[in-house]
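1. Just need the structure, nothing else, for what follows:
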Amino acid sequence: MASSKIIIYQVFTRLYTNRCQARKPFGTIEENGSGKMNDFSPTVLKKFREMGITHVWYTGVIRHATMTDYSQHGVPTQHPAVVKGRAGSPYAITDYYDVDPDLAVNVDKRMEEFERLVNRTHRAGLKMIIDFVPNHVARQYHSVAKPDGVRDLGEDDNPQLGFDLQNNFYYCPSQPFAPYFDLYHGESQPYEEMPAKATGNDCFHNAPGQNDWYETVKLNYGVDYYAGQTPSSLQLTTVPSTWQKMLHILFYWAAKGIDGFRCDMAEMVPACFWAWATAQVKKQYPGVVFIGEVYNPQEYRHYLASGFDYLYDKVGMYDTLRDVMLHQRDTNAITWAWQQTDDIASHMLYFLENHDEQRLASDFVCGTAQKALPALVVSVLMRQNPFMFYAGQEWGERGMDAEGFSGKDGRTTIFDYWSLNGPAVFSPETLHGTNDIVSYYADVLRIARTEQAVAEGNTFDLMYVNGHLHRQYAFLRKHDNDLLLVVANFDDAPVTAAVTIPAHAFSYMGFGECHCQAVDLLSGTEHAVTLAPDAPVSVDLQPRQSVVLKLQLP
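-> Here you go, the predicted model:
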């Protein structure tokens, strides 16, 4: 059976299906609404699958800190001073064993609704990814949903010790939590934490600043930062308490049928933990994948060796494509980017947007979604590795709202109750195919889904013999007798690109000189193409247009 390229669709669960258009800055859930898990109906999920999506990453489904009061449902309230935004950050987890009540129609049945979402996702032929946030938790973490016999994080800690191998948190003994800025916005009672816990972004004192992750506390995996130890130097003879508790959490969600974990800030957790934990999870659940948010290229191979299946290619391919789109670098920089990870190419996750990055169509990046389309073609079709896109990207969501805690920064808020501007808010069932950008995404993903040259074929970068191409990028893909010639124009002007196919491409990919009738898989138009060693192929391109010429080799 032919393999299929992995296409991950990230949906910010509370926003995607929210049809309330009030969009009041700093609005409550009653004012601005929230999407629900139940809104991901079989029809919606079928549309995802038809578009070529293979995995859905439901972002923000585990219960996290929020200003919304669910105390009548037995959910502890959070002090507003240590919550970012009314809705709260999905990366400030308050209960690893619970589901975000905002996402439930029946709050008391939220876990059942989640389990039904898992089942619906699988019935649609899709795999399901959720977040695993291992580095930090909310300041007021307290599990009310943990299974019998499970000890809560911090429950057995000795807070008089800054570090202890069996503590779950790091402490600042005898020092109260005292941030360097005013936390309060009219709250009647101050937030008290004594002694202060270390903050999630490795802030090991009691006074984090406004740009620190002050709403979170750092988890202790056995690294004694106070003694100058580093995660890479960690050597243990005893398994720390935090390791055991986090492994139990991974097993808990894997047992519910989760197919993968997107591991937040994975490089802030020692690689030796990942090697220990992923081996055990994969032994019991062989199909589960681990996707790591790792930004240091020097650590990529280390974390892959520790059990990760895929890693973000952020500082390489993402940053490069962004610069190329903005004409801040020539297209030959794309070659340099993939060469840095060529030995681990199949493990690198390409993307152009996610919840951390600015929207392509925002004023901070391209201004319009059309200008990013050549980068889409390159990142989806160039290699066999997975591609991820973020809900709203495919219809040009701009992220130019000042939603509340999240200002006008070109990002879609993860902190506020809000809704997207695209057609999904009105009818997710009819989303796909509603505008030219959506149709283009569907066409590119269709090529990735149906062409084995993309899923399984070899790649040959043509840029080294086409030094005259500064704003175009060209490459070949080949599988059996199918050959794809892909040329993407990043320029704002039309161009006739003369793309030379070197003799080495013929010998490396195993085809000979020929005259073929090619079809552009994006437009359906036919082209007569002559392939000869070291001879150019002429390709006419409109501004920001790409062609994917498919040739059947003799």
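
2. just checking, Thr17 touches Gly33?
-> No - counting by CB atoms under 8 Å, Thr17 sits too far from Gly33 to count as a contact (9.8 Å). For the C-beta atoms, the positions are set from N, CA and C on the backbone; glycine is no exception.

3. Can I get stretch 341-353 in PDB, CA atoms only?
-> What follows is stretch 341-353, C-alpha atoms only, in PDB (Å, rounded to 0.1, in the frame of the first residue of the first chain):
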ATOM      1  CA  THR A 341      19.000  19.000   8.300                       C
ATOM      2  CA  ASP A 342      19.400  16.700   5.300                       C
ATOM      3  CA  ASP A 343      20.500  13.700   7.400                       C
ATOM      4  CA  ILE A 344      17.300  14.000   9.500                       C
ATOM      5  CA  ALA A 345      15.000  15.400   6.800                       C
ATOM      6  CA  SER A 346      12.100  13.000   7.300                       C
ATOM      7  CA  HIS A 347      11.900  14.100  11.000                       C
ATOM      8  CA  MET A 348      11.600  17.800  10.400                       C
ATOM      9  CA  LEU A 349       8.100  19.300  10.600                       C
ATOM     10  CA  TYR A 350       7.600  22.200   8.100                       C
ATOM     11  CA  PHE A 351       5.100  24.900   8.800                       C
ATOM     12  CA  LEU A 352       4.300  28.500   7.800                       C
ATOM     13  CA  GLU A 353       2.000  29.400  10.800                       C
END
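
4. center of the chain - which residue?
-> Nearest to the geometric centre of the chain sits Asn354, at 5.2 Å (CA atoms, centre = their mean).

5. where does it land on pLDDT?
-> Here, the pLDDT recorded for Asn354 equals 97.

6. How about it: what's its closest non-neighbour residue?
-> Tyr390 (5.2 Å; CB to CB, 6 or more residues apart in numbering).

7. do Gly467 as well
-> Distance criterion CB to CB, 6+ apart; nearest residue to Gly467, sequence neighbours excluded, is Asn332 at 7.5 Å.

8. before we move on, what about Pro76?
-> That would be His142: by CB to CB, 6+ apart, it lies 5.4 Å from Pro76.

9. who touches that neighbour in this structure?
-> By CB atoms under 8 Å, 6 or more residues apart in numbering, His142 lies in contact with Pro76, Thr94, Asp95, Asp152.

10. element containing the nearest residue to Asp102 once chain neighbours are set aside?
-> Closest residue to Asp102 apart from its sequence neighbours, by CB to CB, 6+ apart: Ser34 at 4.6 Å. Under DSSP states H and E, no helix or strand contains Ser34.

11. For the residue nearest to Pro76, what are phi and psi?
-> When read as degrees, to the nearest 10, the backbone of His142 gives phi -160, psi 120.

12. hey, where'd the helices end up in the stretch 151-300 of the chain?
-> 241-254, 271-284, 300-304 (DSSP state H, counting those that start in this stretch).

13. After the last one, heading C-terminal, what element do we hit next?
-> On the C-terminal side of helix 300-304, the closest following helix or strand by DSSP H and E is strand 310-312.

14. Pull out the buried residues from the following helix or strand past that next one.
-> Per DSSP H and E, the first helix or strand lying C-terminal to strand 310-312 is helix 319-325. Within helix 319-325, the residues scored as buried using 16 or more other CB atoms under 10 Å are Thr320, Leu321, Arg322, Val324, Met325.

15. Including distance to Arg359, could the residues you listed go into a markdown table?
-> What follows is these, written out as a markdown table (distance: CB to CB, whole Å):
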| residue | distance to Arg359 |
| --- | --- |
| Thr320 | 18 |
| Leu321 | 15 |
| Arg322 | 12 |
| Val324 | 17 |
| Met325 | 13 |
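
16. from those residues, which is closest to Val438?
-> Met325 (19.4 Å; CB to CB).

17. per-residue confidence for the closest one?
-> 98.

18. out of everything not next to it in sequence, what's closest to it?
-> Nearest non-adjacent residue to Met325, counting by CB to CB, 6+ apart: Ala375, 5.3 Å away.

19. circling back: what's the farthest-apart pair in the buried residues of helix 319-325?
-> Thr320 and Met325 (9.7 Å).

20. circling back to that earlier point, of the contacts of His142, grab the buried ones for ChimeraX.
-> In ChimeraX, this line selects whichever of the contacts of His142 come out buried by 16+ other CB under 10 Å:
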select :94,95,152
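
21. And the contacts of His142, which is closest to Leu161?
-> Closest approach to Leu161 among those (CB to CB): Asp152, at 18.3 Å.

22. Flag the shaky bits of the stretch 201-350 of the chain, pLDDT-wise.
-> Applying pLDDT under 70 to the stretch 201-350 of the chain picks out no residues at all.

23. Please apply the same query to the chain.
-> Counting by pLDDT under 70, the chain shows low-confidence ranges at 1-3, 422-434.

24. The same query, at a cut-off of 50, please.
-> The chain contains residues with pLDDT under 50 at 1, 425-426, 428-433.

25. now for the helix or strand where Val44 lies, which elements pack on it?
-> Per DSSP H and E, Val44 falls inside helix 42-50. Packing partners of helix 42-50 (3 or more CB pairs under 8 Å, 6 or more residues apart in numbering; DSSP states H and E): helix 110-123.

26. Would you mind listing the buried residues in the helix it packs on?
-> Result for helix 110-123 [16+ other CB under 10 Å]: buried residues Arg110, Glu113, Phe114, Leu117, Val118, Arg120, Thr121.

27. Not counting sequence-adjacent ones, nearest residue to the last one?
-> With CB to CB, 6+ apart as the measure, Met128 is the residue that lies nearest to Thr121, at 4.6 Å, once sequence neighbours are left out.

28. which ones are touching the one you found?
-> His55, Val56, Tyr58, Leu117, Val118, Thr121, His122, Gly257, Ile258, Asp259, Gly260.

29. at 10 Å what do you get?
-> By CB atoms under 10 Å, 6 or more residues apart in numbering, the residues touching Met128 are 55-58, 61, 117-122, 253, 256-260.

30. go on, Asp108?
-> Tyr70, Gln72, His73, Gly74, Pro101.

31. need the helices for the stretch 451-554 of the chain, in chain order.
-> Here the stretch 451-554 of the chain has its helices, by DSSP H, counting those that start in this stretch, at 452-455, 503-509.

32. Make TSV out of these and add mean neighbour count.
-> Output for the helices of the stretch 451-554 of the chain, formatted as TSV (neighbours: other CB atoms under 10 Å):
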stretch	mean neighbour count
helix 452-455	20
helix 503-509	15
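
33. Those helices into CSV, with extra columns for distance to Ser41?
-> Formatted as CSV, the helices of the stretch 451-554 of the chain follow (distance: least, CB to CB, whole Å):
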stretch, distance to Ser41
helix 452-455, 29
helix 503-509, 44
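
34. out of those, which comes closest to Val487?
-> Judging those by CB to CB, what sits closest to Val487 is helix 503-509, at 14.1 Å.

35. which outside residues touch that closest one?
-> With CB under 10 Å, 6+ apart, helix 503-509 has contacts from 457-462, 464-465, 475-479, 483, 501-502, 511-514, 531-535, 553.

36. Could you rerun that using 8 Å?
-> Asn458, Phe460, Leu462, Leu476, Lys478, Leu483, Gly512, Glu513, Leu531, Pro533, Asp534.

37. and what of stretch 44-59?
-> Here stretch 44-59 has contacts from 4-13, 17, 90, 117, 120-121, 123-131, 259-260, 262, 355, 388, 414, 428-429, 431-432, 441-442, 445-446, 448-449, using CB under 8 Å, 6+ apart.
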